[in-house]
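1. Task: produce atomic coordinates for the following.
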Amino acid sequence: MDILIIVTVTLVAGFLGGLLGVGGGILMVPAFVFLLKNHVPTMHVAVGTSLAIIVINALAGSVQHALARHINWQVVAYGAVFAVAGGSLGAYASKFVSNAALQRLFAVLLMAVALRMFFSTPRVAPPSGGETKTPTAHSAADPIPAAGAETESTDRASAETQK
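-> Next comes the predicted model:
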């Protein structure tokens, strides 16, 4: 078994998962496909193996982020059910996709996400000073209010007050 490759790939993937929330699949799947051909013979096995490792990685990273209060539990509550449904449907659908098509789909997804992130404007963190801002009002149709979101008028009023 190529233990050194497995240890290196999963350690780096775990670190990136905890740091960036990428889940590790963007690193583990290609590494398993190209570096562990004897142990992970197909894209299907690479995806399944990666997901099994990600469960453990996600749990460890989630604990640390929960301790730092970096989790919006309301989003988790809404998203968890649908993530389970989507994950189950995706895994089932993969049975009908060839190894080559799955590999190409994965590559297209990585490129699309990379291009979108590269060309988008990065978010600016809210000020950490003693400023308090009024949260944006939400309609009853909005199931997830954006905690800590500010209105433009509040931002303008704060800017005027500081002058």
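
2. Give me the longest helix you can find in the protein.
-> The helix that spans the most residues within the chain, counting by DSSP state H, is helix 43-67.

3. And that helix, what's buried?
-> For helix 43-67, the neighbour count (16 or more other C-beta atoms under 10 Å) marks 43-44, 46-51, 53-54, 57-58, 61 as buried. Backbone N, C-alpha and C define where each C-beta goes, glycine included.

4. Run through the protein and note the low-pLDDT ranges.
-> Filtered on pLDDT under 70, the chain yields the residue ranges 23, 128-163.

5. And the strands in it?
-> Using DSSP state E, the chain contains no strands.

6. Check the offset of stretch 88-99 from the chain's centre.
-> The chain centre lies 21 Å from the centre of stretch 88-99; the measure is C-alpha atoms, centre = their mean, to the nearest Å.

7. I'd like the distance from residue 77 to residue 71, if you could.
-> Going from residue 77 to residue 71 by C-beta to C-beta, to the nearest Å gives 11 Å.

8. Name the residue in the two with the higher neighbour count.
-> Under the criterion of other C-beta atoms under 10 Å, the comparison of residue 77 against residue 71 puts residue 71 first, with 13 against 10.

9. List the contacts of the more buried one.
-> Applying C-beta atoms under 8 Å, 6 or more residues apart in numbering, we find residue 71 in contact with 62, 65.

10. try 6 Å this time
-> Contacts of residue 71 were listed using C-beta atoms under 6 Å, 6 or more residues apart in numbering, and they are residue 65.

11. quick one, phi psi at it?
-> Main-chain dihedrals, residue 71, degrees, to the nearest 10: phi -120, psi 130.

12. ok, now residue 126?
-> For residue 126, the backbone dihedrals are phi -60, psi 150 (criterion: degrees, to the nearest 10).

13. how much space between it and residue 87?
-> According to C-beta to C-beta, residue 126 stands 32 Å off from residue 87.

14. Residue 125 too?
-> From residue 125 to residue 87 the distance is 31 Å (C-beta to C-beta).

15. Those two: which has the busier surroundings?
-> Between residue 125 and residue 87, counting by other C-beta under 10 Å, residue 87 is the more crowded of the two (11 against 6).

16. if you skip the residues just before and after it, what's nearest to the more buried one?
-> Leaving aside its sequence neighbours, residue 87 sits nearest to residue 51 (C-beta to C-beta, 6 or more residues apart in numbering; 7.8 Å).

17. Let me see the ranges of the helices in this protein.
-> Ranges of helices within the chain are 3-20, 25-35, 43-67, 73-93, 99-119, 152-162, based on DSSP H.
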